[in-house]
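Engineer: Please find the sequence and the predicted model below.
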Amino acid sequence: MEKLKFEIVINADPSHVFKVMLEKPTYEEWTAVFSPTSTFEGSWIEGSKILFVGEDEQGQKGGMVSKIDKIIPNEFVSILHLGVFKNGEEDLDSPEVKEWAGAHENYIFVNQGKQTLLKVELDSNEEFASYFEGIWPKALSKLKEICEK
């Protein structure tokens with residue numbers, strides 16, 4: 001796996017960016033870049049399981065099974081991806097999942113006075129790297145737009 005890195009400067013303090021990024025209504029707004037029905041089920045409490053899900057063209061719910069590995073409010077969020085959710089089931093053991101299970105997605109909030117430098121670091125296999133490199137800047141741009149309203 002390779003580590004991909006993205007960053008953006010947002011004209012808002014880290015507490016505001018943190019709140020906007022994680023609260024369900026605004027989370028769904030900025031992550032719609034990935035999927036129009038993107039949402040989460042669970043909570044942002046350290047150690048808790050969380051599902052990042054959306055619906056496909058047939059209305060089937062699917063997505064990622066993850067765990068909040070570490071959270072420091074307004075400073076750091078680390079998500080550990082464990083498997084996939086599809087057809088109402090969690091898959092943590094298939095050969096496809098084992099290729100990337102254990103991947104992290106980290107968010108670092110750097111206070112720069114009246115601005116926040118938001119850094120995103122995520123593990124990716126080669127298959128998804130180009131997709132992420134194209135979509136993450138768009139998602140961060142959307143998050144910036146929402147935070148700066």
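Structural biologist: On my side now, so go ahead.

Engineer: just checking, next helix/strand downstream of the helix or strand of the chain with the lowest mean pLDDT?
Structural biologist: Across the helices and strands of the chain, mean pLDDT, DSSP states H and E gives its lowest value to helix 95-98, namely a mean of 91. Remark: after helix 95-98, the chain's next helix or strand is strand 104-112, criterion DSSP states H and E.

Engineer: about what we covered before: residues in contact with the least confident helix or strand of the chain?
Structural biologist: Applying CB atoms under 8 Å, 6 or more residues apart in numbering, the external contacts of helix 95-98 come out as 83-84, 91. C-beta here means a position set from N, CA and C on the backbone, and glycine is covered the same way.

Engineer: where's that helix relative to the chain centroid, distance-wise?
Structural biologist: Taking CA atoms, centre = their mean, to the nearest Å, one finds the center of helix 95-98 at 20 Å from the center of the full chain.

Engineer: List the buried residues of that helix.
Structural biologist: V97 (16 or more other CB atoms under 10 Å).

Engineer: before we move on, back to that, could you turn the buried ones of the contacts of helix 95-98 into a ChimeraX selection?
Structural biologist: Buried residues among the contacts of helix 95-98 (16+ other CB under 10 Å), as a ChimeraX selection:
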select :83,84
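
Engineer: just checking, which of the contacts of helix 95-98 belong to strands?
Structural biologist: With strands taken from DSSP state E, the overlap with the contacts of helix 95-98 comprises 83-84, 91.

Engineer: which residues does the residue nearest the centre of the chain bridge with?
Structural biologist: Nearest to the mean C-alpha position of the chain, by CA atoms, centre = their mean, lies E105 at 6.6 Å. Beta-bridge pairing of E105 under DSSP bridges involves I79, L122.

Engineer: What residues does it make contact with?
Structural biologist: E105 neighbours (CB under 8 Å, 6+ apart): 66, 78-79, 81, 120-123.
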